[in-house]
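Asks: When you get a sec, could you give me coordinates for this:
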Amino acid sequence: MTTPCQSSDHDSNGLFARARAGDQAAWEELFRTCYPKVVRVVRRKLDRPMRSLYDSTDFASDVMKSLMANLDRLDFPSMDCLMSFLAQVAEQKVIDEYRRRHTLKRDVSRERALVTDDGTDLRPLVLASADPTPSQVAQADEVRERLLAGQEEPERVIIELKLQNYSNAEIAVKTGWNLRRVQRFFEKLQDTLWRPGENR
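Replies: Sure, this is the predicted structure:
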């Protein structure tokens, strides 16, 4: 693959060609020459919200890894052409990540930075947990005890199945009761749980 770029006087004595041929010293010099410029390109492309989430050097490192992985398929007549190519790759990586983060499930505007712009720490974030709180567990245990109080064995089994999120139809199959009987049982049970004057 040859990039559509004109040759110039800035070819650094065939530095890319030597790196492509396997010259480790040439590759290291190429990296030292190009990497800071790629970092600058990335910093220009990252907007404020993205800058709070990403380090520009991560993008720049990915660009240089891509270059290294494709050395045998690329050819540049000058360093200017190489830098033009690397800048395009860097910009595309930023654009791709920006689009990925702005999908419905991962909107960057919904995320909060852990540090301020001046580098000082913000208050620790309290992340919501899907697990019930101790208070919710206690309330659920209380309701369970009220439901099971005074019930005979068949009814206790039905209540336990319901608490395990079985549907009325599934409970009917498991217990041998018909569906309407299961529904009537739960309707009656609900009426006994709520006393007159209480909010449901």
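
Asks: How is this structure partitioned into domains?
Replies: As given by automatic domain parsing, the domain ranges for the chain are 15-110, 134-193.

Asks: Only the buried residues of stretch 69-81, if you could.
Replies: Residues of stretch 69-81 classed as buried by neighbour count (16 or more other C-beta atoms under 10 Å): Phe76, Pro77, Ser78, Met79, Asp80, Cys81. C-beta: built from backbone N, CA, C; applies to glycine.

Asks: who touches stretch 29-44?
Replies: 12, 15-16, 19, 51, 56-57, 59-60, 63-64, 67, 79, 82-83, 86-87, 90-91, 93-94 (C-beta atoms under 8 Å, 6 or more residues apart in numbering).

Asks: same thing but 7 Å
Replies: 15-16, 19, 56-57, 59-60, 63-64, 82-83, 86-87, 90-91, 94 (C-beta atoms under 7 Å, 6 or more residues apart in numbering).

Asks: For it, buried residues please.
Replies: The neighbour-count check on stretch 29-44 (16+ other C-beta under 10 Å) flags Leu30, Cys34, Tyr35, Val38, Val39, Val41, Val42 as buried.

Asks: picking up where we left off before, point out the most buried one among the domains of the chain.
Replies: Sort the domains of the chain by mean neighbour count, taking mean count of other C-beta atoms under 10 Å, and domain 15-110 sits at the top with a mean of 16.

Asks: what's the distance between the helix or strand containing Cys34 and the middle of its chain?
Replies: Using DSSP states H and E, Cys34 sits within helix 24-45. In terms of C-alpha atoms, centre = their mean, to the nearest Å, the centre of helix 24-45 is found 29 Å from the chain centre.

Asks: Check which element follows that helix along the chain.
Replies: helix 48-51.

Asks: now the following helix or strand past that next one against helix 24-45, angle please.
Replies: Heading C-terminal from helix 48-51, the first helix or strand you meet, by DSSP H and E, is helix 56-69. With axes from the mean of the first three to the mean of the last three C-alpha atoms, to 10 degrees applied, the angle from helix 56-69 to helix 24-45 works out at 140 degrees.

Asks: tell me which strands and helices helix 56-69 is in contact with?
Replies: helix 24-45, helix 79-101 (3 or more C-beta pairs under 7 Å, 6 or more residues apart in numbering; DSSP states H and E).

Asks: Give me the angle between it and helix 79-101.
Replies: Going by the same axes, to 10 degrees, helix 56-69 makes 120 degrees with helix 79-101.

Asks: before we move on, back to that, closest to Gly150 out of the helices and strands packed on helix 56-69?
Replies: Smallest distance to Gly150 across those (C-beta to C-beta): 55.7 Å, for helix 79-101.
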